[in-house]
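Chemist: compute the structure for the input listed below.
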Amino acid sequence: MICARARLPERLLEKKLFNSSVQNLEDKVTEEHLWYGRNIKVINGLTVSMPDTVENQKEYPKVK
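Modeler: Next up, the predicted model:
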């Protein structure tokens, strides 16, 4: 079974949807939305990626 996410080109999500959404939101920000006059950056660290090396496989074996 192929999920819908697998069929979407990643570049489409990265470049078009994400960037246009961010730009749209940034265009709407006014001074009253800022924290002490500063923009706040939110970073999602939910996903971590590492090379699938022999050393990493020994340390972090694949779940079966």
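Chemist: hang on, residue 16 is in a strand, isn't it?
Modeler: No - using DSSP: H, G, I helix; E, B strand; the rest coil, the secondary structure at residue 16 is helix, not a strand.
Chemist: what about it, how many neighbours?
Modeler: For residue 16, the count of nearby residues is 11 (other CB atoms under 10 Å). In this view, the C-beta of every residue, glycine as well, is placed from N, C-alpha and C.
Chemist: just for this structure, where's the confidence low?
Modeler: 1-6 (pLDDT under 70).
Chemist: quick check: longest helix in it by residues?
Modeler: helix 19-28 (DSSP state H).
Chemist: report the central residue of this protein.
Modeler: With distances taken as CA atoms, centre = their mean, the chain has residue 44 as the residue nearest its mean C-alpha position (6.4 Å).
Chemist: just the C-alpha atoms of the longest helix of the chain, please, in CSV.
Modeler: This file holds the C-alpha atoms of helix 19-28, laid out as CSV (Å, rounded to 0.1, in the frame of the first residue of the first chain):
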residue,chain,number,x,y,z
ASN,A,19,7.8,28.4,1.8
SER,A,20,4.6,30.0,0.6
SER,A,21,2.9,29.2,3.9
VAL,A,22,5.7,30.8,5.9
GLN,A,23,5.9,33.9,3.6
ASN,A,24,2.1,34.3,3.9
LEU,A,25,2.3,34.2,7.7
GLU,A,26,5.3,36.5,7.8
ASP,A,27,3.5,39.1,5.7
LYS,A,28,0.8,39.2,8.3
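Chemist: distance check, residue 18 against residue 11.
Modeler: Counting by CB to CB, to the nearest Å, the gap from residue 18 to residue 11 is 11 Å.
Chemist: okay, those two: which has more neighbours?
Modeler: residue 18 (11 against 8).
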